[in-house]
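>>> how would this look folded up:
(4 chains)
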Number of protein chains: 2
Amino acid sequence: MRNIAEAVNITTPALYNHFKNKQSLYLAAISDTFENKSELLLQALSGQEKPLLRLHRFITQLSQVLHDDPDFHRLMQRELLDGDEERLRYLAQEIFGASFQQMMELLVELNPDCDAHSLAVIIIGMVQKPYELNPLDRFFPDSRQQHNNPAYISGQVMAVLSTYLGDTV
Amino acid sequence: MRNIAEAVNITTPALYNHFKNKQSLYLAAISDTFENKSELLLQALSGQEKPLLRLHRFITQLSQVLHDDPDFHRLMQRELLDGDEERLRYLAQEIFGASFQQMMELLVELNPDCDAHSLAVIIIGMVQKPYELNPLDRFFPDSRQQHNNPAYISGQVMAVLSTYLGDTV
DNA sequence: TTTATATTAATGAGCGTTAATTAACAAGAT
DNA sequence: ATCTTGTTAATTAACGCTCATTAATATAAA
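The predicted structure is shown next:
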């Protein structure tokens, strides 16, 4: 609370005129960070274009979001580690529910026999992990600039996926 | 410190007969949790068998480790979020360096043209993300038991990968 | 005049840590 | 065998600091 107050140039108790307590300020921060992202992702998945194109658009969008807003990524990770049941439900249902559903339907279109749920999770992992491992990356061999580039990452992910999904279209 | 002391049935100051301070206790906990895992993963990658088989063994082993030792997974995530430079270097070099190197060499064997570094990260993401999203999973549609089963997860991951890597062997 | 928003000062709880002391036990000297 | 000594590991009590939060009060705008 002291850090936040300092960052917005007021004293700590003045924060309590705007938020009931630390918890409610945190929830407001989470909501503000998450809510506009979910719409971006849903839009990328929707449309009348060919499924593989929409998948590509989603992967690129997710990669871009993770790259452009590190706070979003960090808050997400922190919630997964420490979020209580109520916050996790909020995240799963209000924030990512619609996108996840849409994603699964898209995957079934591409491959009716696949386990869409499992595949969706795997794809999210492919895109997100490069950013998650980013703090470690400079200590790994063969670390290069492009490994943190959204376009490059989504290209790599699509290369792997399109051989698996492309044949079934 | 109070919680740990209570868990081991001594008083808090007695802990300081065993560890200099909280930081050193934490480092000891991390080392103990991480060090034997890295050897398991390296073993799975090594050997004279066909590359695709070794990859499968690695993915299964990683999946198994993440499933069997949730503390390992949680500590890893926490270090990625909050680890200082020294601890991240330790993790990248001492713990996962050899496995990562071996993994890259294996991927080059499978596809000499691929970006092994990028691909290695993506594969780790495919395996790890199901466990990372596990707390969220029960709020998602189509949530099933098997999505937390190591054998099932590694099967799904291999299904995606083998079409991409298998053709190039 | 009321409402919103800021301030200074203080409170109470929790934290890591240290001080001072004691009990248990092993090793060497008598 | 007993006594001395040193080490290890436990205890109770307390310290100093940080934290979120509240009380009491002031200021500015509607």
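
>>> pretty sure A:F140 contacts B:H117?
Yes. Counting by Cβ atoms under 8 Å, A:F140 does reach B:H117; the two are 7.0 Å apart. C-beta: built from backbone N, CA, C; applies to glycine.

>>> quick one: low-confidence parts of chain A?
By pLDDT under 70, the low-scoring segments of chain A are A:167-169.

>>> Say whether DNA strand C is contacted by the single longest helix found in it.
Secondary structure assigned by DSSP state H gives helix A:22-45 as the longest helix of chain A. No. On the criterion Cβ under 7 Å from any atom of the strand, helix A:22-45 is out of touch with DNA strand C, staying 12.0 Å away.

>>> list the buried ones in that helix?
Buried residues in helix A:22-45, counting neighbours by 16 or more other Cβ atoms under 10 Å in any protein chain shown, are found at A:L25, A:I30, A:T33, A:F34, A:K37, A:S38, A:L41, A:L42, A:A44, A:L45.

>>> can you count the residues close to A:A120?
23 (other Cβ atoms under 10 Å in any protein chain shown).

>>> Give the closest residue to it in space, chain neighbours not counted.
Using Cβ to Cβ, 6 or more residues apart in numbering or on different chains and skipping the chain neighbours, the partner closest in space to A:A120 is A:M103 (4.7 Å).

>>> number of nearby residues for the one you found?
Neighbour tally, A:M103, other Cβ under 10 Å: 25.

>>> Could you double-check that it lies in contact with A:F58?
Yes. Look at A:M103 against A:F58 with Cβ under 8 Å: they come within range, at 6.9 Å.

>>> Overlap in contacts, these two.
A:L45 (Cβ atoms under 8 Å, 6 or more residues apart in numbering or on different chains).

>>> Flag every residue of chain A that's near DNA strand C.
A:I10, A:T11, A:T12, A:P13, A:A14, A:N17, A:H18.

>>> Try it again at 10 Å.
With the criterion set to Cβ under 10 Å from any atom of the strand, chain A comes near DNA strand C through A:2, A:5, A:8-18.

>>> Just among those, which is most surrounded?
Within the residues of chain A next to DNA strand C, most neighbours by other Cβ under 10 Å means A:L15, with 17 neighbours.

>>> Excluding covalently adjacent residues, which one is nearest to that one?
Nearest one to A:L15, counting by Cβ to Cβ, 6+ apart, is A:A5 at 5.4 Å.

>>> Export the residues of chain A next to DNA strand C to a markdown table and append columns for secondary structure.
Listed next are the residues of chain A next to DNA strand C as a markdown table, based on DSSP: H, G, I helix; E, B strand; the rest coil:
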| residue | secondary structure |
| --- | --- |
| A:R2 | helix |
| A:A5 | helix |
| A:V8 | coil |
| A:N9 | coil |
| A:I10 | coil |
| A:T11 | coil |
| A:T12 | helix |
| A:P13 | helix |
| A:A14 | helix |
| A:L15 | helix |
| A:Y16 | helix |
| A:N17 | helix |
| A:H18 | coil |
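
>>> Run a quick neighbour tally on A:R144.
A:R144 has 12 neighbours, counted by other Cβ under 10 Å.

>>> likewise the one 5 residues further on?
The burial count assigned to A:N149 is 15, neighbours taken as other Cβ under 10 Å.

>>> Then A:E6?
11.

>>> Using PDB, list the CA coordinates for whatever helix or strand it lives in.
In the assignment (DSSP states H and E), A:E6 maps to helix A:2-7. Written as PDB, here are the backbone C-alpha positions of helix A:2-7 (Å, rounded to 0.1, in the frame of the first residue of the first chain):
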ATOM      1  CA  ARG A   2       2.900   2.400   0.800                       C
ATOM      2  CA  ASN A   3       4.500   1.700  -2.600                       C
ATOM      3  CA  ILE A   4       1.200   2.300  -4.400                       C
ATOM      4  CA  ALA A   5       0.500   5.500  -2.600                       C
ATOM      5  CA  GLU A   6       4.000   6.700  -3.400                       C
ATOM      6  CA  ALA A   7       3.600   5.800  -7.000                       C
END
